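[1] Fold the following, please.
(2 chains)
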Amino acid sequence: MGNAPGVGIQASPAAPKSEPVPFSDAALVRAARLGDHDAFALIVSEHGPAMHRFAARTLGNAFDAQEAVQEAFASAWRDLRLFRGDSSLRTWLFTLVSRKAADLRRRRRPIPVDDEMLLRWAASESSGPYEHVAAAALVTALEEALTELPVRQRAAWVLREVEQMSYEEIATVLGVTVGSVRGHLHRSRNALQERMSPWR
Amino acid sequence: MEIDVSEDPLHRGARALRERREPGWERLSADTRARVIALIRPTSRILTFSPSGEADRDEEGSRTWMTEFVVVEQLQAALDHSRSAPRDITLSLVDGTCREVLVELVVAYGEDLHAVADRARRAASQTLRDLLGTNPTGAIPVHISVVDVVDGDPHYE
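    Below is the predicted model of the structure:
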């Protein structure tokens, strides 16, 4: 099994990492728990891009996002024996990266909220967002809007709307109740609808 | 990317974010895998014995130990089979010696479960003898639990 003895899972370096991994999460966890680095590499390939995306959106800083993802996977490798499948592997990994992101935020100097941001967008509307419709510009505007949200609202919105998690999964990842998730999502949607109104 | 301006901009934005790979992912992925390979999991050490059951030591009294991780990894290799795969391996350690081994197996549907368990037990026992020598308290019991039967290759399911 691959480079590690006995596990039988071989990461294919030639395979594009965006392609679905043919092994189930359960099989990969089973192998990685017993020391198979190839199996763990497949877990990284399968779940890492979404975790990276989530960390980047919630931290708003590429360097911190990379650190959070690395720390999360290091914890996952050390603690795989503790993962008993009560939640999905994806939810568990997102929980780890969410905690690492929270640790980084605590250590980092707070970034003041820029109340003038909306005014800048309103001004830029005069140059015509409808005339320059481009996915990149829309995403940039959305990312800026996300940075204005309180972190829980931002995380809840990203997990729901980008990662398409259920309310229960979001509650697990963020360590809050489902009711709290509903509240965060309600507020984040309202705020983002307002912020993104120039793009309608 | 195709833009449908009639769609809600939040939905468009969310979809664009979902379809996007963060810059630097390939490098981060490689760095993460390298870091994990360098990590050493917390592990206990296990005393080894000579074939005659004596504590394995040289003239100066130095003893030989194996880490739990090495033993589990080697048991994993020994227990792997095209029609069965270990899900978990637990070593019961007392005072630095291995007293028993608990193996959880996932087996392909249609296999003779008792035969699979017997084969796994023999393979594990041989591996334990090879790695840890002859335990003075007797052969290390290996307990097999078949915890799942899957339709197909147990490595994939």
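[2] Secondary structure element for the most centrally placed residue in chain A, which one?
    The centre of chain A sits closest to A:Phe54, judged by Cα atoms, centre = their mean, with a distance of 1.8 Å. Using DSSP states H and E, A:Phe54 falls within helix A:37-59.
[3] mind checking how far that helix is from the chain centre?
    Distance, stretch centre to chain centre, for helix A:37-59: 8 Å (Cα atoms, centre = their mean, to the nearest Å).
[4] Quick check: the residue nearest to the centre of chain A touching A:Val158?
    Yes: counting by Cβ atoms under 8 Å, A:Val158 is a contact partner of A:Phe54 at 5.8 Å. Just so you know, the C-beta spots here come from the backbone N, C-alpha and C atoms, and that holds for glycine as well.
[5] tell me the helices in chain A, going along the chain?
    Using DSSP state H, the helices of chain A run over A:25-33, A:37-59, A:62-79, A:89-107, A:117-125, A:135-148, A:151-157, A:167-174, A:178-195.
[6] what's stretch A:154-165 in contact with?
    Applying Cβ atoms under 8 Å, 6 or more residues apart in numbering or on different chains, the contact partners of stretch A:154-165 are A:50, A:53-54, A:57-58, A:91, A:94, A:98, A:146-147, A:149, A:167, A:169-170, A:173-174, A:181, A:184-185, A:188-189, A:192, B:10-11, B:14, B:17-18.
[7] Show me which of the residues you listed are buried.
    Buried members of the contacts of stretch A:154-165, counted by 16 or more other Cβ atoms under 10 Å in any protein chain shown: A:50, A:53-54, A:57-58, A:91, A:94, A:98, A:146-147, A:149, A:167, A:169-170, A:173-174, A:181, A:184-185, A:188-189, A:192, B:10, B:14, B:17.
[8] Now B:Leu105, what are its backbone angles?
    The phi and psi values for B:Leu105, taken as degrees, to the nearest 10, are phi -120, psi 140.
[9] that older thread, going by contacts, tell me the helices and strands next to the helix holding A:Phe54.
    helix A:25-33, helix A:62-79, helix A:89-107, helix A:151-157, helix B:9-19, helix B:25-38 (3 or more Cβ pairs under 8 Å, 6 or more residues apart in numbering or on different chains; DSSP states H and E).
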